[in-house]
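Q: For reference, the sequence and a predicted model appear below.
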Amino acid sequence: MTWLQLRLDTRPGEVESLEERMLATGAVAVTMEDNADQPVLEPGVGETPLWGQVRLTGLYPADTDMDQVLAAFPSGLLRQANQRVEILEDKDWEREWMQHYRPMPFGKRLWVCPSWLQPPDPGAINLLLDPGLAFGTGTHPTTALCLAQLDSMDLAGCDIVDYGCGSGILAVAALRLGAAFALAVDNDPQALVATRDNAGRNGIAAAGMEVVLPDAVDHQAWSGRASLVIANILAGPLMELADTLAAFLRPGGTLLLSGLLDTQAAALCEHYADRINLQVAGEKDGWVCLRGRLPG
């Protein structure tokens, strides 16, 4: 089963109230972890020590309206806590990924292969992937849908944007399929590290990819430049980012959106209708991928 997780970076004094809000808004579990590599030694009897900086994670069912969840938290607190809503891949797979992760085909040309196994089709475009802790391996339906769409496109010489790049799998796939340059954007520094690692593992030169946090994007340089913009995130952020994503596209450019359930597709298409006509391009296990072309 797929879940959504809300992550907040906070301090010990705020943990209890934030945990209560998560549970009150439908979280089925809340976990705490060290957010600053600070060891906690054996406590005294009756003590429950916390780290100086704490990452609090609430686990929600996949169909949860995360906009409503976030509305239950003070906006100022969310900004200070560096809030992130993410799709959570199967945890059983994460614990045993090297045993169960096998090469997977997408479309006619593309395979995603763990780097420790021999690609089954040496003549194919083989992506060597070590996903680490960032989202995007090909095992989740939304990633699989995006990879299949990329395989169907002629990307030769294109500049592309992967917004919410996670492991970098989609940006790397686009470059291996012929794209000239990729802008990979994510608000999680860990994802940027994973993207750079996976790009290097697949022979992508540093000059062929820019990997940045959202605040570091040069929007003036990228305005109307991209032939393809990909965003595999969640329905709420896709709504909020409509103007940002559309601004990257050149006339005739393609927008590829995923990370949303089939029940959310109609609302998202309506939200984008005055910018670009989106259509359902693929569906897998209740998740969909939308595709449209900017008029030009």
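A: Looks like it arrived, so ask away.
Q: what's the spacing between D9 and A29?
A: Here D9 is placed at a distance of 18 Å from A29 (CB to CB, to the nearest Å). Every residue, glycine included, has its C-beta placed from N, CA and C.
Q: between those two, who's got more neighbours?
A: D9 (15 against 12; other CB atoms under 10 Å).
Q: Neighbouring strands of the helix or strand hosting that one in the sheet, and parallel or not?
A: Using DSSP states H and E, D9 sits in strand 3-10. Pairing partners of strand 3-10, with direction, according to DSSP bridges: strand 54-61 (antiparallel), strand 84-88 (antiparallel).
Q: and it, how far from the chain's centre?
A: A distance of 14 Å separates the centroid of the chain from that of strand 3-10, by CA atoms, centre = their mean, to the nearest Å.
Q: Restrict it to CA atoms and write it as CSV.
A: Provided in CSV are the C-alpha atoms of strand 3-10 (Å, rounded to 0.1, in the frame of the first residue of the first chain):
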residue,chain,number,x,y,z
TRP,A,3,1.1,6.2,1.8
LEU,A,4,1.7,10.0,2.1
GLN,A,5,4.0,11.3,4.8
LEU,A,6,4.2,14.8,6.3
ARG,A,7,7.7,15.7,7.5
LEU,A,8,8.5,18.5,9.9
ASP,A,9,11.8,19.7,11.3
THR,A,10,11.4,21.0,14.8
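Q: I'd like the mean pLDDT over the helix or strand that that strand is followed by, please.
A: Next along the chain after strand 3-10, taking DSSP H and E as the criterion, comes helix 12-24. Throughout helix 12-24, pLDDT has a mean value of 88.
Q: now stretch 213-228
A: Mean predicted lDDT for stretch 213-228 stands at 97.
Q: same thing with stretch 272-285?
A: Taken as a whole, stretch 272-285 has a mean pLDDT of 96.
Q: One more: stretch 251-268?
A: So the average pLDDT for stretch 251-268 ends up being 96.
Q: Same check on stretch 152-163?
A: On average, stretch 152-163 scores 97.
Q: Buried residues in that stretch, which are they?
A: 152-153, 155, 158-163 (16 or more other CB atoms under 10 Å).
Q: With secondary structure and distance to G286 added, can I get those in TSV?
A: Shown next, in TSV, are the buried residues of stretch 152-163 (DSSP: H, G, I helix; E, B strand; the rest coil; distance: CB to CB, whole Å):
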residue	secondary structure	distance to G286
S152	coil	22
M153	coil	24
L155	coil	28
C158	coil	30
D159	strand	33
I160	strand	27
V161	strand	27
D162	strand	23
Y163	strand	23
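Q: Let's have the residues you listed in JSON lines, adding distance to L238.
A: Listed next are the buried residues of stretch 152-163 as JSON lines, based on distance: CB to CB, whole Å:
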{"residue": "S152", "distance to L238": "21"}
{"residue": "M153", "distance to L238": "20"}
{"residue": "L155", "distance to L238": "22"}
{"residue": "C158", "distance to L238": "22"}
{"residue": "D159", "distance to L238": "21"}
{"residue": "I160", "distance to L238": "17"}
{"residue": "V161", "distance to L238": "14"}
{"residue": "D162", "distance to L238": "14"}
{"residue": "Y163", "distance to L238": "9"}
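Q: now the helices for the stretch 51-200 of the chain?
A: 66-71, 75-80, 91-95, 97-100, 141-151, 169-176, 189-201 (DSSP state H, counting those that start in this stretch).
Q: residues contacting V69?
A: 6, 25-26, 60 (CB atoms under 8 Å, 6 or more residues apart in numbering).
Q: Please enumerate the strands of the stretch 151-296 of the chain.
A: 159-163, 181-185, 209-212, 226-232, 249-261, 277-284, 287-293 (DSSP state E, counting those that start in this stretch).
Q: Tell me the bridge partners for D162.
A: Under the criterion used (DSSP bridges), D162 bridges to A184, I230.
Q: Correction: the previous question concerned W111.
A: Going by DSSP bridges, W111 forms beta bridges with P105, N126.
Q: for it, what are its contacts?
A: 103-105, 119-121, 124-127.
Q: and what of E86?
A: 4-5, 7, 135, 234.
Q: Model confidence score at it, please.
A: 89.
Q: okay, the contacts of W111 in CSV with distance to R84 and neighbour count next?
A: CSV is the format used below for the contacts of W111 (distance: CB to CB, whole Å; neighbours: other CB atoms under 10 Å):
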residue, distance to R84, neighbour count
P103, 30, 19
M104, 27, 18
P105, 31, 17
P119, 33, 17
P120, 35, 13
D121, 36, 12
A124, 34, 16
I125, 31, 19
N126, 31, 19
L127, 25, 27
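Q: Just put the residues you listed in CSV and tack on distance to L255.
A: Below are the contacts of W111 laid out as CSV (distance: CB to CB, whole Å):
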residue, distance to L255
P103, 29
M104, 25
P105, 25
P119, 31
P120, 32
D121, 30
A124, 27
I125, 23
N126, 27
L127, 22
